[in-house]
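[1] quick one, what's the 3D model for this:
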Amino acid sequence: MAVRRKSGRPSKGDRRHVSAKIPVALLDALEQDAQARGLDRTAVLVEAIAERYGLPNPFASTQEALPLTNVA
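    Numbering: from 1, shown residues only. Here you go, the predicted model:
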């Protein structure tokens with residue numbers, strides 16, 4: 001019998017949903033930063049909060065991205 005693997009991306013750990021109203025200018029800056037870095041808004045917010053409170057960023061990757069030079 002074949003072993004069934006879980007599909008989808010790996011878990012990012014135990015998290016809670018937070019809803020906040022953010023000024024438009026800040027959200028626009030956050031979205032531009034996230035898009036320029038290839039991240040989602042949550043990753044950028046978590047990074048900023050972790051840095052502010054001197055905590056490790058749980059989403060930080062220690063793996064370096066490979067450059068894409070020959071894309072078909």
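[2] residues of the top helix by length along the chain that come out buried?
    If you go by DSSP state H, the chain has its longest helix at helix 24-37. Neighbour counts using 16 or more other C-beta atoms under 10 Å place Ala34 of helix 24-37 among the buried residues. From N, CA and C alone the C-beta is placed, and that goes for glycine too.
[3] elements contacting that helix?
    Judged by 3 or more C-beta pairs under 8 Å, 6 or more residues apart in numbering; DSSP states H and E, helix 24-37 is in contact with helix 41-52.
[4] surely Pro56 touches Ala50?
    Yes - in this structure, Pro56 is within contact of Ala50 by C-beta atoms under 8 Å, at 6.4 Å.
[5] looking at the two, which one has more neighbours?
    For Pro56 and Ala50, the more surrounded residue by other C-beta atoms under 10 Å is Ala50, and the numbers stand at 15 against 8.
[6] tell me the contacts of that one?
    When contacts are counted by C-beta atoms under 8 Å, 6 or more residues apart in numbering, Ala50 touches 56-58.
[7] good, we can wrap up now.
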